[in-house]
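# here is a sequence with its predicted model. Questions after.
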Amino acid sequence: MRVVYFAFAAMALCSSSDGASPAAVSLTEAGETLQTRYTGMLSALKTEIGNAVPAVDDQKRAAFLAAREGVKKATAEVGAAQQRLDKIQAARALVDHANGKWIGGARKAIAQAQEALKKATTDVEREAANKAIAKGEDGLQAGLKALEERQAALDVVMVDEAKNLQASKDACAALDEAEANELKAAKAILADLGSILSSDTLDAKLVTCAVLVNATPKGLAEFAQQGKAQEELVEKLLADTALMRDMLDAGGANGGKYGQAMQIYTDIQKLATRQAGDGILYRLALGTSVEHAVPVGQRNAIAETNAPAFVDPVKRYLHYEKAYLDGALDPAFKDMSAWECRQIVNSYAPDHMLAWGREMLRNYRPDHIVVQDYGWRYSGAVRTDVAYKHSQEYTDTDTLGFFQNVIKNGGICGRRAFFGVFIIKCFGLPSVERPQRAHAALARWTPEGWVVNLGAGWGYRDAKGVLGMKDADFLLETQMQKYPADKIKALRAQWVGDALGEEKYNSVKDGSGGFWNVMAIFQKKAIIADAKPVALSALGTELGEANESGESKANAVEAATVTDDDKQVVVDSKGVITMPAAACGGGNQLIKSVLGGQQMIWVGPLTCDVDVSLAGKYALTARVVTVHGEATAPLTLNGAKDPVVMAIPFTVGAWQATAAVELALVNGRNTLSFAAPSTGLALKEFTLTPMK
């Protein structure tokens, strides 16, 4: 079923960035010699491959081109039908605006002014109130007039609503049929190309040619001319068919920088603490090498003026290798493809910040780590703890990392999406930014497929694509990761296109791509059509520009089962009393703690009853984790009139004890009543230590 989307509400665009073009590199005499050599290799390979490429049946090619034109026409019809529905939606929105913000706002202003008039005690106050009433009444009349005009306009377009809805439905059905015919025509051609697409006979020539085309002889020469070591790296790469194939399968070296990718890959192999020659560590090394072939800028804390400007790719590999071997990553990490690893290792956060993200979430909200719903695993922290705030509502701290500031202060759509992408990558799962018109969201891996968080779903027409691809092509690429044995057929078609000098397929440019490049796309579509995967619906679309309600946040918590042992108050030999969070009442939610037992999501009032056998002064401390800054929690002991205030430090995601509060406990039952803390935090336990 094809979904027709109405326009999303306009939202403030969250961020933008500009990249400077790298300076041109001049070839030395040695470099020109190398370029000539690589050019000769490429020319010879193109000739050999061209001679081996099978001819395509003219009738089948014509049928395919005709089917493509049919899709183009049907797509235009869907667009035209959608525009007619958009007019209805726009007219309805204008009526809603007049009814709500305009008329409703005017009536509210009048009511407020009338209330002010009742309370006025001076002529100046009465005059101001009367002016406000008059202004509100003028606004109300203007709104009523606008409503009448807008309702009339809506009534006109609504006459054809049923007809337009049916036309849209019919257009979508026609497009589905046209696309099915297009795929059928493509399959007829692909069947004839099986001799080259299903055979590895030409792979050595194809992958070498593809690397030379995408790196360009000049680009390889620029790298190789730096010295004998670099030249040898290029030679080694061009002699390693399997490695070139795997690099291309992983999406190719960023910017065509295959020499740089080979340098990174070689350095990783030298320094890896475990052999990265197969399995996930090989795919991690490969993904890191091709992704970081063009350096990834590093976002440091503002105060860290001497920090590296770019992520060190070898250290990034070693960071994830250690985290994997330590069991700190998601269990699914071991199954990631090299292409998926690219979307893990390319975070612009420093390595120590990735480690902080894992440690912070383990301490503060471990429930987000173990939640069974992969659609919100880790990124659920955005829902519960990254508040929707405008920049004028907070001030970031220069000594904190960017993501530490984001969870501390919140932000609008961009910062929230960026944090979601970051925290998912921290745990070794792929995630990407997924911008749409005037809004930023994210897309993430799940075992069932990729899903959007905090934005409109796949196919939303105002989405700006992912990784330079339209939604459909990005989803196609993600789905192909599950079928590596079949994906090679599509890659071979693409490599043939490279050898023949074809225009590459550009996902965001309609009609682009030479014949073989287009066949590569349809080979993927044929594979996925047989597999019949389902595109997942977006999660948290309504939260893209809003905070989640307290009730909804509570429902998102994977609550712990609490036993009597969890509630046990312990008194040691020195009279020190430890009251676990689970022993306290008040309705705050409890979750399993990585420290053992339970911890509390402390956001509301709570009470703790404790029996003491020895009256006297005690020092009260709490073991807490905070991520939103310093906090306070007013405490009333045994119904006293005046509360004392417990100061709670900003722990930046680590477990820490608060400063002590002195309490005078009576013999027997004592009740500690806390008001809600000024900001939410994690609580493990309270400790009462006798004071001498």
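Perfect, I can see it now.
# going by C-alpha atoms from here, please, whenever you check contacts or count neighbours.
OK.
# can you give me the strands in the stretch 151-300 of the chain?
Secondary structure of the stretch 151-300 of the chain by DSSP state E, counting those that start in this stretch: no strands are present.
# can you map out the helices along it?
161-192, 194-197, 203-215, 217-224, 228-238, 241-249, 258-271, 279-291 (DSSP state H, counting those that start in this stretch).
# and these, which is most packed in?
helix 279-291 (a mean of 26; mean count of other C-alpha atoms under 10 Å).
# which strands or helices does that one pack on?
helix 241-249, helix 258-271, helix 313-325, helix 338-345 (3 or more C-alpha pairs under 8 Å, 6 or more residues apart in numbering; DSSP states H and E).
# quick one, what contacts Asp351?
Lys315, Arg316, His319 (C-alpha atoms under 8 Å, 6 or more residues apart in numbering).
# which residues of the stretch 551-692 of the chain score low on pLDDT?
For the stretch 551-692 of the chain, the stretches flagged by pLDDT under 70 are 551-559.
# who wins for neighbours among the contacts of Asp351?
Counting neighbours by other C-alpha atoms under 10 Å, the top entry in the contacts of Asp351 is Arg316, with 20 neighbours.
# that residue against Val345, yeah?
Yes: using C-alpha atoms under 8 Å, Arg316 makes contact with Val345 at a distance of 6.8 Å.
# what touches both of those two?
In contact with both Arg316 and Val345: Thr288, using C-alpha under 8 Å, 6+ apart.
# re earlier: export the helices of the stretch 151-300 of the chain to TSV and append columns for distance to Ala472.
What follows is those, written out as TSV (distance: least, C-alpha to C-alpha, whole Å):
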stretch	distance to Ala472
helix 161-192	13
helix 194-197	23
helix 203-215	24
helix 217-224	32
helix 228-238	33
helix 241-249	19
helix 258-271	28
helix 279-291	22
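# can you lay out those as TSV showing mean pLDDT?
Converted to TSV, the helices of the stretch 151-300 of the chain look like this (pLDDT from 0 to 100):
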stretch	mean pLDDT
helix 161-192	95
helix 194-197	94
helix 203-215	98
helix 217-224	98
helix 228-238	98
helix 241-249	98
helix 258-271	97
helix 279-291	97
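# out of those helices, which is closest to Phe474?
helix 241-249 (15.0 Å; C-alpha to C-alpha).
# who's in contact with the closest one?
Against helix 241-249 from outside (C-alpha under 8 Å, 6+ apart): 203-204, 207-208, 211, 237-238, 253, 286-287, 290, 339, 488, 491.
# which one of those residues sits closest to Ser573?
Using C-alpha to C-alpha, the contacts of helix 241-249 come closest to Ser573 at Gly287, 56.0 Å.
# correct me, but the closest one touches Met336?
No: the pair Gly287 and Met336 does not pass the contact test of C-alpha under 8 Å, sitting 10.1 Å apart.
# count of neighbours near the closest residue to Ser537 other than its chain neighbours?
Nearest residue to Ser537, sequence neighbours excluded (C-alpha to C-alpha, 6 or more residues apart in numbering): Gly457, at 5.8 Å. Using other C-alpha under 10 Å, Gly457 is surrounded by 21 other residues.
# does Gly457 count as helix, strand or coil?
coil (DSSP: H, G, I helix; E, B strand; the rest coil).
# returning to what we had before: between the helices and strands packed on helix 279-291, which gets nearest to Ala91?
helix 338-345 (41.6 Å).
# can I get the helix or strand that comes right after that closest one in CSV, CA atoms only?
Helices and strands here follow DSSP states H and E; after helix 338-345, the next one along the chain is helix 351-364. Extracted C-alpha coordinates of helix 351-364, given in CSV (Å, rounded to 0.1, in the frame of the first residue of the first chain):
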residue,chain,number,x,y,z
ASP,A,351,36.5,8.5,21.9
HIS,A,352,36.4,9.4,25.5
MET,A,353,32.9,10.9,25.0
LEU,A,354,31.7,7.7,23.5
ALA,A,355,32.9,5.9,26.6
TRP,A,356,31.2,8.5,28.7
GLY,A,357,27.9,8.0,26.9
ARG,A,358,28.0,4.2,27.7
GLU,A,359,29.0,4.8,31.3
MET,A,360,26.4,7.6,31.8
LEU,A,361,23.5,5.6,30.5
ARG,A,362,24.6,2.5,32.5
ASN,A,363,24.6,4.5,35.6
TYR,A,364,21.7,6.9,35.1
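# just to revisit the earlier point, for the residue nearest to Ser537, grab phi and psi.
phi -70, psi 180 (degrees, to the nearest 10).
# pretty sure it contacts Ala538?
Yes: with contact defined as C-alpha under 8 Å, Gly457 reaches Ala538; the gap is 4.5 Å.
# which SSE is Val645 in?
Using DSSP H and E, Val645 sits in strand 644-648.
# and that strand, which strands flank it?
Strand 644-648 has the following strand partners under DSSP bridges: strand 631-637 (antiparallel).
# domain map for the chain?
58-174, 347-458+536-554, 559-690 (automatic domain parsing).
# any chance of JSON lines for the ones you listed, columns distance to Gly511?
Output for the domains of the chain, formatted as JSON lines (distance: least, C-alpha to C-alpha, whole Å):
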{"stretch": "domain 58-174", "distance to Gly511": "9"}
{"stretch": "domain 347-458+536-554", "distance to Gly511": "21"}
{"stretch": "domain 559-690", "distance to Gly511": "49"}
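# with distance to Lys509 added, can I get the contacts of helix 241-249 in CSV?
CSV is the format used below for the contacts of helix 241-249 (distance: C-alpha to C-alpha, whole Å):
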residue, distance to Lys509
Asp203, 29
Ala204, 31
Val207, 26
Thr208, 27
Val211, 24
Leu237, 32
Leu238, 32
Ala253, 22
Leu286, 29
Gly287, 27
Val290, 25
Trp339, 23
Ile488, 24
Leu491, 20
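# what is the nearest of these to Ala531?
Of the contacts of helix 241-249, the one sitting nearest to Ala531 (C-alpha to C-alpha) turns out to be Ile488, at 16.2 Å.
# can you give me the angle the helix or strand hosting the closest one makes with helix 241-249?
Element membership for Ile488, per DSSP H and E: helix 484-499. Interaxial angle, helix 484-499 versus helix 241-249 (axes from the mean of the first three to the mean of the last three C-alpha atoms, to 10 degrees): 90 degrees.
# in the helix or strand just after helix 484-499, what counts as buried?
Later in the chain than helix 484-499, the nearest helix or strand by DSSP H and E is helix 515-531. Buried residues in helix 515-531, counting neighbours by 16 or more other C-alpha atoms under 10 Å, are found at 515-528.
# per-residue pLDDT, His539?
No His there; residue 539 is Leu. For Leu539, the model assigns a pLDDT of 80.
# tell me the contacts of it?
So Leu539 contacts Gly375, Val451, Val452, Asn453, Leu454, Gly455 (C-alpha under 8 Å, 6+ apart).
# quick check: the first one touching Glu448?
No: Gly375 sits out of contact with Glu448 when judged by C-alpha under 8 Å, with a separation of 9.2 Å.
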